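Undergrad: Quick one: sequence and predicted model below, then my questions.
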Amino acid sequence: MLSKKLGLPLTPADIYERDRRLKEAELKLAYTGHRFEGINVNIIRGPNKGVHGVVVADHDSAERVKHLGRKRKLGQDRNAKGIMLTVRKEASNQQLLVPIEDAQHLYSRTAVHKALYLPEAVLKGNRPKREPPPQVVDDVYLQGPLEPASQEHHPKLDMPLAGEGDGTWVRAPEFRDVRIDVRLSGLNTIPKVSDKILKLEGHNGYLLAVDGVEWDKSNNGKIVVRGAGKTAVAVSIPPACVKPRRTDDDGHRLNEVQLRVVVVGPDQVGSTADKGKYGFTVPARSTAELVEVQFPGGFLTGHFPYASLCLAKNIAIQTLTHNFVETPVPAM
């Protein structure tokens, strides 16, 4: 729906579908045995870590039954601890008994008991198709400069990030106390480049910005990139070869799974008020062009063109002079 793509208020049909899904999930939680049947999961802990499979049954452990009492029958307890999943291993008839906290939804990486509330398309792993923007958007932009009101209702969602081509995007003064994950590209265009640097083509690394990004101390106009290559040592790279990273280690796009990101460009109406801030993507309410971001605290959200976001792995890093902390993951 156009309202979803442009981040406009939900229509009555959208609200009806959302409420229907919530009621179905609540009803399903009240019954033992088939609450999570059919959900594809990834086991993240224990001896079967890394195994993919599908839930075929579930039951409450003896400790959970004793703890819940009558609430178990009524389905009133929303704490999933103590639920045991029977998971059929992918491409096999082997069944594994797994505590629910040791598994997560395969496609969104959310907790299994929360996956019941996801839209059906996300639950089944259907990735949003990239559709061309509505013709009215293109027509408006072909007309030249727009009035502010028109810009608000017809954002250009697929425009590239300003400065990404020449590397000037990294010079933003808003980058303070943040990690910015990047990809190295175009190193073969650097004159007199060493073999050591050439081997980093296509590798991922990250920038640490305390008060702006870190530049080479020799004042050669290069930026310090950390974590790239097998040795992961810090290297100096021309800014034009440092690109925002927009996929995780498994190749998932920012709009497909919940990831911490840093805002590197304007939002859907052109505002840069959130530039330099951390947030978490909300796959269930995102499209290939427009991504919803929930900011720390769980109350504020924003909608950003895909190009305005960059991966920022949620890992604590301690340097000699600064501590880059993890960001609490909000409940979706």
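TA: Arrived safely.
Undergrad: Can you give me the domain boundaries for this structure?
TA: 11-123, 158-332 (automatic domain parsing).
Undergrad: got the buried residues for stretch 272-291?
TA: For stretch 272-291, burial by neighbour count (16 or more other C-beta atoms under 10 Å) applies to 274-291. The C-beta positions use only the backbone N, C-alpha and C, and glycine is treated the same way.
Undergrad: helix/strand/coil for V224?
TA: strand (DSSP: H, G, I helix; E, B strand; the rest coil).
Undergrad: wait, what's in contact with it?
TA: Listed by C-beta atoms under 8 Å, 6 or more residues apart in numbering, the contact set of V224 reads 207-208, 213-216, 234-236.
Undergrad: For the stretch 201-332 of the chain, just list every one of the strands.
TA: Under the criterion DSSP state E, counting those that start in this stretch, the stretch 201-332 of the chain contains strands at 204-209, 223-225, 235-237, 242-244, 260-263, 278-281, 290-294, 301-305, 309-311, 317-318, 323-324.
Undergrad: Tell me the helices and strands packed up against the third one.
TA: In terms of contact count using 3 or more C-beta pairs under 8 Å, 6 or more residues apart in numbering; DSSP states H and E, strand 235-237 is assigned the packing partners helix 195-198, strand 223-225.
Undergrad: any idea of the mean pLDDT for the last one?
TA: Model confidence over strand 223-225 averages 94 on the pLDDT scale.
Undergrad: what distance separates that strand from the centre of its chain?
TA: Here the centre of strand 223-225 is set off from its chain's centre by 24 Å, with C-alpha atoms, centre = their mean, to the nearest Å.
Undergrad: again, but for stretch 240-257
TA: Its chain's C-alpha centre and that of stretch 240-257 lie 9 Å apart, by C-alpha atoms, centre = their mean.
Undergrad: by how many degrees do the host helix or strand of D181 and strand 204-209 diverge?
TA: Per DSSP states H and E, D181 falls inside strand 178-184. Relative orientation of strand 178-184 versus strand 204-209 (axes from the mean of the first three to the mean of the last three C-alpha atoms, to 10 degrees): 150 degrees.
Undergrad: Show me what strand 178-184 is packed up against.
TA: Here strand 178-184 touches strand 204-209, strand 242-244, strand 260-263, strand 309-311, going by 3+ C-beta pairs under 8 Å, 6+ apart.
Undergrad: Report the backbone C-alpha coordinates of that strand in CSV.
TA: What follows is strand 178-184, C-alpha atoms only, in CSV (Å, rounded to 0.1, in the frame of the first residue of the first chain):
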residue,chain,number,x,y,z
VAL,A,178,29.4,6.5,17.1
ARG,A,179,30.7,3.5,15.2
ILE,A,180,30.1,3.5,11.4
ASP,A,181,30.5,0.3,9.5
VAL,A,182,31.9,0.7,6.0
ARG,A,183,32.8,-1.2,2.8
LEU,A,184,36.0,-0.5,0.9
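Undergrad: G50: neighbouring residues, count only.
TA: By other C-beta atoms under 10 Å, the residues close to G50 number 7.
Undergrad: Repeat that for E174.
TA: For E174, the neighbour count with other C-beta under 10 Å is 16.
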